[in-house]
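> okay, predicted coordinates and the sequence, questions at the end:
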Amino acid sequence: MRHQHSRRAVLGGAAGAGTLAGLTALAPQAAAAQAQGARAGRFAGKVVLVTGGTSGIGEATARAFAAAGAKVAFCGRRRQLGREVERSIRAAGGEATYTHADVRESRSVWGFVDGAVRRYGGLDIAFNNAGIQYSARLHDTTLEQWDDLSNTNARGVFLAMKYQIPHMLKAGRGHIIVNSSVGAVVGRPDLSLYQASKQAVQALVKSAALEYGADGIRVNAILPGITDTPMIRPAGLDDATWEQAKAALGQLNVDGLKTVASADQIAQAVLAMAADEFGYLTGALIPVDGGVAAGRRMLLPQL
Ligand SMILES: NC(=O)c1ccc[n+]([C@@H]2O[C@H](COP(=O)([O-])OP(=O)(O)OC[C@H]3O[C@@H](n4cnc5c(N)ncnc54)[C@H](OP(=O)(O)O)[C@@H]3O)[C@@H](O)[C@H]2O)c1
């Protein structure tokens, strides 16, 4: 399915300003306690960067980290969505900052990373998630599509790592989690560019894990399976039709759990990987895919 920039309403976005106003109206001590409460979670005090946090998995992950107490800096190109996500995270008592940045552009990525580190005073965890998908037969794919997809999915991850790692080296610690895809380990007709870009970032992850392990920096990849986000939902489909299509997608393509993942399920898996309990994890490519990578069923012909 073709990547589209869905502009679905962001839940809670409209409520944001009102709740913030409510917070400032509280007595200073109560407001501080409320803010502190939100930051008392599993990732309290941690600084987390998310590329591509304006929708889908990145948005869900930014929200989840903020709800767990982290200070979250996220980027994306769609300014309005970015501001809405930022507002609604803050309205829920979390800390988040949206920056307009394009992961294909070196200066833009540098500005996002550097600005976030200056604002929040460090960098503990980076979720390099921004990505796009084109679906086309290989010989019909244009050079422009190849460049756009590789520049977003592979160069974008390289640039993010390039500018994140020096901050982590300085601190002597850090954790980078790259959003790959189960598409990197299985072939799919009409998705050769996408699968190739995801294979490329997995090579970056494994080599960087070896390069920076002794510096206290861990590098891992999550490989989500089919996930309900604007990336896979055809534009203009009503909710009921999409629910039906999603159920069929799961039944036909997810051999294990038979259902498509929600963005929240993938976000929670990212948080689990980032948690201290997984402190010995590096160079790992972890499928969170409902069983897709475990293999295809063998279908027997009618005899
Ligand atoms: N959905 C799935 O089934 C699935 C499965 C496996 C892996 N993944 C991976 O998950 C990641 C997130 O995708 P999603 O499914 O959550 O789709 P999505 O809702 O379309 O999210 C993609 C995110 O990437 C951002 N992005 C795209 N190009 C960018 C650029 N040049 N600069 C900055 N940000 C950019 C988008 O923001 P802007 O448009 O605002 O820039 C958006 O926030 C991708 O890497 C995708 O390959 C998805």
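Great, that's in hand.
> are the host helix or strand of Asp147 and the ligand in contact anywhere?
Using DSSP states H and E, Asp147 maps to helix 143-150. No - legend: contact between helix 143-150 and the ligand by CB under 6 Å from any ligand atom is lacking; minimum distance shown is 8.3 Å. Every residue, glycine included, has its C-beta placed from N, CA and C.
> all numbers from here: first residue = 43
Will do, 43 is the new start, and the previous item becomes helix 185-192.
> only alpha carbons, please: show that helix as CSV.
Below are the C-alpha coordinates for helix 185-192, written out as CSV (Å, rounded to 0.1, in the frame of the first residue of the first chain):
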residue,chain,number,x,y,z
LEU,A,185,14.7,7.1,-9.5
GLU,A,186,13.0,9.8,-7.5
GLN,A,187,11.1,7.3,-5.5
TRP,A,188,14.3,5.3,-4.8
ASP,A,189,16.1,8.5,-3.7
ASP,A,190,13.2,9.7,-1.5
LEU,A,191,12.7,6.3,0.2
SER,A,192,16.4,5.7,0.8
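> now the host helix or strand of Gln310: buried residues?
For Gln310, the element it lies in under DSSP H and E is helix 305-316. Under the neighbour-count criterion of 16 or more other CB atoms under 10 Å, helix 305-316 has Ala305, Gln307, Ile308, Ala309, Gln310, Ala311, Val312, Leu313, Met315, Ala316 buried.
> enumerate the residues of the stretch 243-345 of the chain near the ligand.
Counting by CB under 6 Å from any ligand atom, the residues of the stretch 243-345 of the chain lying close to the ligand are Pro266, Ile268, Thr269, Thr271, Pro272, Met273, Ile274.
> contacting residues for the last one?
Looking back up the chat, that one is Ile274. For Ile274, the contacting residues are Met43, Gln175, Ile268, Leu291, Val302, by CB atoms under 8 Å, 6 or more residues apart in numbering.
> quick check: mean pLDDT of the one helix or strand the fourth one maps to?
It refers to Leu291. Here Leu291, judged by DSSP H and E, is contained in helix 281-295. Mean pLDDT, computed over helix 281-295, is 95.
> chain center to that helix: distance?
Here the centre of helix 281-295 is set off from its chain's centre by 23 Å, with CA atoms, centre = their mean, to the nearest Å.
> show residues contacting it.
Ile268, Asp270, Ile274, Arg275, Pro276, Leu279, Leu299, Lys300, Thr301, Val302, Gly332, Val334.
> the nearest residue to the fourth one once chain neighbours are set aside - how many residues pack around it?
Looking back up the chat, that one is Arg275. Closest residue in space to Arg275, ignoring its immediate chain neighbours: Trp284 at 5.8 Å, by CB to CB, 6 or more residues apart in numbering. Residues near Trp284, counting by other CB atoms under 10 Å, number 15.
> from Gly278, how far out is Trp284?
Trp284 sits 10 Å away from Gly278, going by CB to CB, to the nearest Å.
> what do you get for Ala158?
Ala158 sits 35 Å away from Gly278, going by CB to CB.
> and what of Ser304?
To Gly278, Ser304 is 21 Å away according to CB to CB.
> more neighbours, these two?
Neighbour tally, Ser304 and Gly278, criterion other CB under 10 Å: the higher count belongs to Ser304, 15 against 8.
> pretty sure the more buried one contacts Ile268?
No - at 10.9 Å, Ser304 does not count as touching Ile268 under the criterion of CB atoms under 8 Å.
> now do the strands in the stretch 143-292 of the chain.
For the stretch 143-292 of the chain, the strands defined by DSSP state E, counting those that start in this stretch occupy 167-170, 216-221, 259-266, 269-270.
> just for this protein, where's the confidence low?
Across the chain, the ranges flagged by pLDDT under 70 are 43-81, 338-341, 345.
> longest helix of it, counting residues only.
Ranked by residue count and defined by DSSP state H, the top helix of the chain is helix 234-254.
> show me which residues of that helix are buried.
For helix 234-254, burial by neighbour count (16+ other CB under 10 Å) applies to 234-240, 242-244, 246-248, 250-251, 254.
> same thing with stretch 115-129?
For stretch 115-129, a neighbour-count test (16+ other CB under 10 Å) marks 115-120, 123-129 as buried.
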